[in-house]
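>>> sequence first, then the predicted structure, then my questions.
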Amino acid sequence: MKAKVLLGFVFLFILPSYSIFACTVFYAANDTIALAGSNKDWISAESYVWFCPPEKNKYGRIYLGFDLFLDQKEPSGGINDQGLFFEMVYASDLEFKNDITGESYRGNILEKILEECSSVEEVLDLLKKYNNLQYYANHYIMFGDKQGNSVIIKLGQIFEYNSQFQILPFKDESPCDQYLITYNTLNNNSSNLSVGLFKKILSNVHVEGTMGYGTTVYSTIYDLKNGQIHLYYFHNFMEEVIFNIEDELKKGFRTLKIVSLFPKNIAAEDYIDQKNVELKQRIESRWTKNISIEDFVKVEGEFRSLDTFSKDRFRIMLENKKLYITVNNDSKFELYPESSSKFFIPSVSGDFSLTFLKDDPDNSLKVLVEYESKFFKGIQQTFQKIN
């Protein structure tokens, strides 16, 4: 798979999978209730909820997601004050396509949808104009509203619309356990939908570090008609936090760590410790400590993306005999040398490498930035030094 990836949005493309799918999402509604449930399965347990009150021409929104890389928090799901939600799951059977037509919105299209749309019908109208969902390589995205409408989007196209209930991962020739458990439970209780039923499903389909790839970090139930979010941390469904969307948005812009909302979770702490040990071991195995200061000086400077759709920049600086990088003038992180021409930025979720290109025809310094993981190949972008 080869895809254009912007540093600011890269993690929208790289949610890993312990099999074919990662995460479980489902939606069901009748005349009196509309509910959506989601398990978020991920390597890192650093998860957040952030609140965006209504602004001029923008609905109020609540997002949930991860601090995945260089303080870049990206929403993997969310809901607005109109009762519209979105959630997504990774699916390895999808491949990014380069034959994209139509207008490209310069920003996060999922955020724009929650800012401007109050129903699934309005979502579909907006997506007729913009092509950005094509860039969500390897993802199915579900939208649902409080009126009882829902849709699954695959590579910018409608995959399934207004079924009795929607489930991701979806049914195929060999449906996975998550699908079968969810389908059977919803099908047998279609007239008895409740938050309790959805919590039971989430508990039954959660994962715990399967094959070492990830675990269910947090779970949500969106009560769309009543304007509430039921939140659970690290597959502990005995502890629940309930957000009233209207009341929470009145408190202003803010970001909360999900772990801070719950009592101490020993299983989560052990998982975090395990992943930090793995990260430390990976750094030590890659880190070459005999690189000269002259090699550090060569790569200092500001770089801009050569992708015509990207405004991304980063700066590399030398301080106290160490290299640091800032992306889009944001937080500063250490850049570790693997060789005189290759450096890496470590992360629990996967490392980024910076390979400085030699023998460039125009004699300008260029660097290939690539996401490295056991799940994906070919996710890269080229930058050029501008000073």
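Received the coordinates, thanks.

>>> look up phi and psi at residue 198.
Note on residue 198: backbone dihedrals following degrees, to the nearest 10 are phi -70, psi -40.

>>> correction: the previous question concerned residue 281.
phi -70, psi -40.

>>> and residue 260, by the same measure?
The phi/psi pair for residue 260 (degrees, to the nearest 10) is phi -70, psi -10.

>>> equivalent analysis for residue 268, please.
phi -70, psi -40.

>>> domains for this protein, by residue range?
Residue ranges for the domains of the chain, per automatic domain parsing: 3-276, 287-385.

>>> deepest in the core, which of the ones you listed is it.
domain 3-276 (a mean of 18; mean count of other CB atoms under 10 Å). Heads up, the C-betas are built off the backbone N, CA and C, glycines and all.

>>> distance from the chain centre to that one, please.
Relative to its chain's centre, domain 3-276 lies at 9 Å (CA atoms, centre = their mean, to the nearest Å).

>>> and stretch 313-333, by the same measure?
For stretch 313-333, the distance to the chain centre is 24 Å (CA atoms, centre = their mean).

>>> export the domains of the chain as TSV, with columns for mean pLDDT.
What follows is the domains of the chain, written out as TSV (pLDDT from 0 to 100):
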stretch	mean pLDDT
domain 3-276	83
domain 287-385	83
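
>>> who's residue 324 bridged to?
Note on residue 324: beta-bridge partners by DSSP bridges are residue 317, residue 334.

>>> next, the distance between the ends of stretch 317-327.
12 Å (CA to CA, to the nearest Å).

>>> and stretch 118-127, C-alpha only, in PDB?
Output of stretch 118-127 as PDB, limited to C-alpha atoms (Å, rounded to 0.1, in the frame of the first residue of the first chain):
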ATOM      1  CA  SER A 118     -26.600  17.300  12.000                       C
ATOM      2  CA  SER A 119     -27.700  14.100  10.200                       C
ATOM      3  CA  VAL A 120     -26.400  11.300   8.100                       C
ATOM      4  CA  GLU A 121     -28.200  12.900   5.100                       C
ATOM      5  CA  GLU A 122     -26.100  16.000   5.600                       C
ATOM      6  CA  VAL A 123     -22.900  13.900   5.900                       C
ATOM      7  CA  LEU A 124     -23.600  12.300   2.500                       C
ATOM      8  CA  ASP A 125     -24.300  15.700   0.900                       C
ATOM      9  CA  LEU A 126     -21.000  17.100   2.200                       C
ATOM     10  CA  LEU A 127     -19.100  14.000   1.000                       C
END
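
>>> what sits up against that stretch?
Applying CB atoms under 8 Å, 6 or more residues apart in numbering, the contact partners of stretch 118-127 are 59, 80, 82-84, 112-113, 116-117, 133, 143-145, 147, 149-151, 153, 156, 158, 162.

>>> what sits up against the helix or strand hosting residue 65?
Taking DSSP states H and E as the criterion, residue 65 maps to strand 61-69. Residues from elsewhere that reach strand 61-69, judged by CB under 8 Å, 6+ apart: 10-11, 40, 42, 44, 46-52, 73-81, 111, 114-115, 217-218, 220, 229, 231, 243, 245, 248-249, 258, 345, 347, 349, 352.

>>> could you point out the helix or strand that follows that strand?
The first helix or strand that comes after strand 61-69 along the chain, using DSSP H and E, is strand 72-80.

>>> so what are the sheet partners of that next one and their directions?
Sheet pairing of strand 72-80 (DSSP bridges) gives strand 61-69 (antiparallel), strand 84-91 (antiparallel).

>>> nearest to residue 266, out of those strands?
Comparing those by their distance to residue 266 (CB to CB), the top pick is strand 61-69, with 21.3 Å.

>>> and the helices in the stretch 151-300 of the chain, which stretches?
For the stretch 151-300 of the chain, the helices defined by DSSP state H, counting those that start in this stretch occupy 177-188, 195-205, 245-249, 266-286, 293-298.

>>> in a markdown table: these, plus distance to residue 320.
Output for those, formatted as a markdown table (distance: least, CB to CB, whole Å):
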| stretch | distance to residue 320 |
| --- | --- |
| helix 177-188 | 49 |
| helix 195-205 | 48 |
| helix 245-249 | 43 |
| helix 266-286 | 18 |
| helix 293-298 | 11 |
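
>>> so residue 44 is in which element?
Per DSSP H and E: nothing holds residue 44, as it lies in no helix or strand.

>>> chain neighbours aside, what residue packs nearest to it?
Among residues not flanking residue 44 along the chain, residue 348 sits closest, at 4.5 Å (CB to CB, 6 or more residues apart in numbering).

>>> my guess is the one you found contacts residue 275, does it?
Yes - here residue 348 lies in contact with residue 275, judged by CB atoms under 8 Å, at a distance of 4.9 Å.

>>> now list whatever residues contact both of those two.
43-44.

>>> quick one: the residue in the chain sticking out farthest from the centre from residue 384, how far?
Taking CA atoms, centre = their mean as the measure, the residue most remote from the mean C-alpha position of the chain is residue 294, 37.8 Å away. To residue 384, residue 294 is 22 Å away according to CB to CB, to the nearest Å.

>>> again, but for residue 180
50 Å.

>>> from the middle of its chain, how far away would stretch 296-314 be?
24 Å.

>>> so what touches that stretch?
Contacts for stretch 296-314 (CB under 8 Å, 6+ apart): 4, 6-8, 104, 106, 315-318, 321, 323, 325-329, 337, 343, 354, 356, 365-367, 381-387.

>>> and that stretch, how far apart are its ends?
Its start and end residues considered, stretch 296-314 measures 16 Å (CA to CA).

>>> give me the spatial nearest neighbour of residue 268, chain neighbours excluded.
In space, residue 268 is closest to residue 234, 4.1 Å off (CB to CB, 6+ apart).

>>> same question for residue 162.
residue 149 (5.8 Å).

>>> is it true that that neighbour touches residue 142?
No - using CB under 8 Å, residue 149 is not in contact with residue 142, being 11.5 Å away.

>>> how about the contacts made by the residue nearest to residue 44?
Going by CB under 8 Å, 6+ apart, residue 348 touches 43-44, 46, 275-276, 278-279.

>>> thanks a lot, see you next time.
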